[in-house]
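Engineer: Turn this into a model:
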Amino acid sequence: MSQPGTPVPPPPFARGPGAPPPVPPADPWTREIFRTQIVRLIGAASGVALAVFAIVTFWIPVVGLVISLTIVILRRYQIRLRDYYAAYFLPYEYPEQGALDVGYVLGLVGVGLSGLASAGWLIIFFGNL
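Structural biologist: I've put the predicted structure just below:
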């Protein structure tokens, strides 16, 4: 700590005659520790990515199964979503031909989601053989 009025020289430049000595390279132990930490980080990240992928491929077939069961129940009790749609949104004599049957669409969506999930599980289990 300098007294008031005493000039303080500026810190030395990085290069030149008054430069501090260069920082020595890291010793092998430090390098090994860093390498170990990086490997652990990569392993943890890949584990998290695999877990997220597995969760997604688990919930996709669950949603597909719920949709498919809904379609089966609607078909069993002959509940037509088209009639409800027509009752609320279409005039009294709505066209029977060409009207969208939501049940078939939801059924196809459910089957497609289940197929996607099955492909995802096959990739998880047999992708790196």
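Engineer: what about this structure, any weak spots by pLDDT?
Structural biologist: Residue ranges of the chain with pLDDT under 70: 1-3, 10-14, 16, 18, 25-26, 78-104, 128-129.
Engineer: which helices and strands sit right next to the lengthiest helix in it?
Structural biologist: The residue-count maximum for a helix in the chain (DSSP state H) belongs to helix 28-76. Using 3 or more CB pairs under 8 Å, 6 or more residues apart in numbering; DSSP states H and E, the elements in contact with helix 28-76 are helix 102-126. (C-beta placed from N, C-alpha, C; glycine too.)
Engineer: I figured Thr70 hits Val109, correct?
Structural biologist: No. Contact between Thr70 and Val109 fails when scored by CB atoms under 8 Å: they sit 10.9 Å apart.
Engineer: and the angle from the longest helix of the chain to helix 102-126?
Structural biologist: Orientation check (axes from the mean of the first three to the mean of the last three CA atoms, to 10 degrees): helix 28-76 against helix 102-126 gives 150 degrees.
Engineer: Please tell me how far Ile55 sits from Val105.
Structural biologist: To Val105, Ile55 is 26 Å away according to CB to CB, to the nearest Å.
Engineer: ok, the two, which is more surrounded?
Structural biologist: Set Ile55 next to Val105 and count neighbours by other CB atoms under 10 Å: Val105 wins out with 13 against 10.
Engineer: Which of the three states applies to Val8?
Structural biologist: State at Val8, reduced to three classes by DSSP: H, G, I helix; E, B strand; the rest coil: coil.
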